[in-house]
Structures are given as structure tokens and as C-alpha cells.
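> Got a predicted structure plus its sequence, pasted below:
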Amino acid sequence: MVRLKDRYLLVNIVYADIPPGQKGPVPDLLLYNQPTIGELRPQTILKGIRSQVNALFGDCGSGSVERSLQVKYLSTATSTFILRISRAHCRLVWAALTFMDRLPVKDGRPCIFRVVRVSGTIRKVEEEAIRRAKLLVLAAKDEMAGKASSDALNALFRGGKDSARNLAMVNDDHDDAEMDEGEVSDG
């Protein structure tokens, strides 16, 4: 029996425009990582990706991704989704996401679809999505506190093989920063 090999893509939607009057006391990091509108559904994402693959690679590319392309998870709160695609056609979908510049809904906002993780298992992609959400919260807290350089922000954009170690380092640094100067750390 032949095992089908898939790839899972973790994609963040980053908004390039900031609507007028929305700056206020919100950190810049959160302005670009805003929640997505409620009209976005998995079906509309698939339709937009398929039309972009068709525009870039024609009928051959469109036919190759038709059967294996699937949205496994969509969070409008974090503007994140997970795609499943066959291993052979992963690069086609990634290229199509790179060239998409608007949400695939009527009068969609300009945005960037950023592939932040590719993995052979959905478990690793889910762990990365959770890690990035935690780091985003820590970076926003640091920005609200007025810190110029945030370790959480650096770890958010660094990623890679050491992501678990980076998260542990960020959590330790964040806990150390919250301690009073008179306290002594045990570990």
C-alpha cells in the first residue's frame, strides 16, 4: 500500500495597510497582525488559491493541486490558517500564496500571505502556530511597556530548528524582567 505524503503550510495574513483612525494606543505589531474579517471562510481561501495557481501555472498547475489542496484550520482571530497539499505540489501553492495580494473576498483588503512553517506533520505546524501566538502576545506586551528591543519579537521572526529553545529563552527572560531587583533567582 502506498502512503500519500503531504505537506502542511502554516500561513499568516499580514495586513499592509492601516485603516485611517485606527492607530491609537494599539502597538504597531498588532496593527499588522489584526484579526481577519468574518467573511473569510476556508472555501474562499481555496477558491482564491486555486485561481492564483491557475493564473500563474495554467490548467496544468490548477489540475495538479485540485485534489490535494485543503484548509485544515482557519483562525480569523489570529489571521492564521493551515493548508494541506501533496508534497509534489507544495512549491506551486507557496508561489501562489506569495503572489496573492488581497483577501479573496469581495472588496478584500490588501494583505500579504506569509508562509511561516512547512512540515510533514500537522502536529509540528500546530505547535508552531501556538508558539507564534504566544510570542506575539509577549512582544505586544513589551511594546506597550515601552521596551525598545523585544526578545519575544526577535524570537518571533527568527523561528527555525531552535524554536522550542527560543521560546524557553524568551519565557525565562520575560519572567526575569518581571522580578524585582531585590529578588534572587533560584535557577
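All right, it came through fine. Since the structure is predicted, the reported quantities are computational estimates derived from the model, not experimental observations.
> pull the CA atoms of stretch 132-152 into CSV?
Extracted C-alpha coordinates of stretch 132-152, given in CSV (Å, rounded to 0.1, in the frame of the first residue of the first chain):
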residue,chain,number,x,y,z
ARG,A,132,3.9,32.2,17.4
ALA,A,133,0.7,33.3,19.1
LYS,A,134,2.4,33.3,22.5
LEU,A,135,5.4,35.3,21.2
LEU,A,136,3.1,37.8,19.5
VAL,A,137,1.3,38.4,22.9
LEU,A,138,4.7,38.8,24.7
ALA,A,139,6.0,41.1,22.0
ALA,A,140,2.9,43.3,22.2
LYS,A,141,3.2,43.5,26.0
ASP,A,142,6.8,44.5,25.7
GLU,A,143,5.9,47.2,23.1
MET,A,144,3.1,48.5,25.4
ALA,A,145,5.6,48.6,28.3
GLY,A,146,7.9,50.8,26.1
LYS,A,147,10.8,48.4,25.6
ALA,A,148,12.8,49.3,22.6
SER,A,149,14.1,45.8,21.7
SER,A,150,11.9,42.8,22.5
ASP,A,151,13.4,39.3,22.8
ALA,A,152,9.9,38.0,22.0
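> Give me the mean pLDDT for that stretch.
Mean per-residue pLDDT for stretch 132-152: 75.
> Pull the distance from that stretch to the chain's centre.
Centre-to-centre, stretch 132-152 and its host chain are 16 Å apart (C-alpha atoms, centre = their mean, to the nearest Å).
> Stretch 81-99 now?
14 Å.
> Return the set of buried residues in it.
Neighbour-count burial for stretch 81-99 flags 81-86, 89-90, 92-94, 96-97 (criterion: 16 or more other C-beta atoms under 10 Å). Bear in mind the C-beta positions are built from the backbone N, C-alpha and C, glycine included.
> how about the strands of the protein, start to end?
Assigned by DSSP state E, the chain shows strands spanning 6-15, 70-75, 80-86, 111-119.
> mind putting those strands in JSON lines, distance to Lys141 included?
Listed next are the strands of the chain as JSON lines, based on distance: least, C-beta to C-beta, whole Å:
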{"stretch": "strand 6-15", "distance to Lys141": "19"}
{"stretch": "strand 70-75", "distance to Lys141": "20"}
{"stretch": "strand 80-86", "distance to Lys141": "19"}
{"stretch": "strand 111-119", "distance to Lys141": "21"}
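> Tell me which of the ones you listed approaches Gly61 most closely.
strand 80-86 (12.0 Å; C-beta to C-beta).
> and that closest one, what other elements does it pack with?
strand 6-15, helix 42-66, strand 70-75, helix 122-145 (3 or more C-beta pairs under 8 Å, 6 or more residues apart in numbering; DSSP states H and E).
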